[in-house]
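[1] quick one, what's the 3D model for this:
(one chain, ligands or ions: 2)
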Amino acid sequence: MKVMAHRGYSGMYPENTMLAFRKAAEAGADGIELDVHATKDGVLVVHHDETVDRTTDGTGRICDLTFEELRRFNAAARWDGKFGFQPIPSFEEYCAWAAEQTLFTNIEIKTDNTFYPGIEQQVWDMICAHGLQDRVMFSSFNHVTLMKLRQIAPRTDVGALVLEDGMVRVRPGDYCKASGFQAWHPSFASLNDENVANCKAAGVAINVWTVNDMAGLEKLYAWDCEGIITNFPGVAKAWLDTRV
Ligand code: G3P
Ligand code: CA
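    Ligands and ions are numbered 1, 2, ... in the order given. This is a model prediction of the structure:
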């Protein structure tokens, strides 16, 4: 089971910052999960929310801010000065760093609430510019974005993100296979024996978010899920190492 650091090592460091990504790598994470938006002037940036309000000392929607404006905000502002100033990274900055690492990246494209014209191609071009084609996968709650990525990068895996109740009446394995998606990315709450079995039968990988407790980790291991997306990659990795 692969350990993906959710927004980096976000349980202990400011989420989606280069610090959190470096700490995840140091903790031995197999992969990093991150979120991508685009600024008003078209720069790809790594951040979870549509706005910077929750995570930084700034305010505003990313799509209404220029990159220069956004870089003035401190993404570690909510950590009581513990980590100094940590800017919101550009996706380019992340890719340049990742090119020097061995881990893979699960890139979530945040087109579920905001329409960023051409972001799928733009993300792929950045990946190619840094030679990361063989160490990335894509995920999104917007499955049209995934369809686009299948056309742009047909050899790269995509994972269909779904919310807690997103697949209540649909067999996720059948759905993903029919859609050309290689993985299902459910929240832990929507997993059960039946849909795990359906994915296994369909040959669809299961990468589960966001699992931060031992009971959840053990359950995913018992289900033989392919990936865990967690805020505490060091803990998950240490436990999994004892299983070998
Ligand atoms: O990729 C799994 C997870 O990151 C999806 O939810 O809201 O944390 O982006 P969210
Ligand atoms: Ca995410």
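[2] okay, CA-based contacts and neighbour counts for the rest of this
    Will do.
[3] would you map the strands across the protein?
    2-6, 31-38, 44-46, 104-109, 136-140, 158-161, 183-185, 205-208, 227-230 (DSSP state E).
[4] closest one to residue 199 among these?
    strand 205-208 (6.8 Å; Cα to Cα).
[5] contacts for the closest one?
    Here strand 205-208 makes contact (Cα atoms under 8 Å, 6 or more residues apart in numbering) with 182-188, 196, 199, 225-229.
[6] can you check the pLDDT for the residue nearest the centre of the chain?
    Nearest to the geometric centre of the chain sits residue 33, at 2.9 Å (Cα atoms, centre = their mean). As predicted, residue 33 sits at a pLDDT of 99.
[7] what's the answer for the one 5 residues further on, then?
    Predicted confidence (pLDDT) at residue 38: the value is 98.
[8] surely residue 189 and residue 162 touch.
    No. The pair residue 189 / residue 162 is not scored as a contact, 10.7 Å apart, by Cα atoms under 8 Å.
[9] against residue 17, how distant is residue 83?
    11 Å (Cα to Cα, to the nearest Å).
[10] can you check residue 165 too?
    Applying Cα to Cα, the value for residue 165 to residue 17 is 30 Å.
[11] neighbour-wise, which of the two wins?
    Ranked by neighbour count (other Cα atoms under 10 Å), residue 165 and residue 17 place residue 17 first, with 25 against 12.
[12] coming back round to it: out of the strands of the chain, which is closest to residue 63?
    Among the strands of the chain, strand 31-38 sits nearest to residue 63 (Cα to Cα), with 6.2 Å.
[13] and the closest one with strand 104-109, angle?
    30 degrees (axes from the mean of the first three to the mean of the last three Cα atoms, to 10 degrees).
[14] between residue 189 and residue 162, which has more neighbouring residues?
    residue 162 (19 against 14).
[15] contacts only, for the more buried one.
    Counted by Cα under 8 Å, 6+ apart, residue 162 has contacts 141, 184, 185, 186, 187.
[16] helices of this structure, start to end?
    Taking DSSP state H, the helices of the chain run over residues 18-26, 67-70, 91-98, 119-129, 143-152, 172-179, 193-202, 214-222, 233-243.
[17] pull the residues that contact stretch 45-58.
    So stretch 45-58 is contacted by 7, 16-17, 34-39, 59-63, 73-78, 88-92, 110, 113-114 (Cα under 8 Å, 6+ apart).
[18] now, of the residues you listed, which are buried?
    Neighbour-count burial (16 or more other Cα atoms under 10 Å) applied to the contacts of stretch 45-58 gives 7, 16-17, 34-39, 62-63, 73-77, 88-92, 110.
[19] so where's this protein shaky on pLDDT?
    Within the chain, the segments meeting pLDDT under 70 span 166-168.
[20] could you find the closest non-adjacent residue to residue 217?
    Nearest non-adjacent residue to residue 217, counting by Cα to Cα, 6 or more residues apart in numbering: residue 211, 6.6 Å away.
[21] I'd say that neighbour and residue 230 touch.
    Yes. Counting by Cα under 8 Å, residue 211 does reach residue 230; the two are 5.1 Å apart.
[22] neighbour-wise, which of those two wins?
    Set residue 211 next to residue 230 and count neighbours by other Cα under 10 Å: residue 230 wins out with 28 against 21.
[23] surely the more buried one and residue 214 touch.
    No. Taking contacts as Cα under 8 Å, residue 230 lies outside contact range of residue 214: 11.0 Å.
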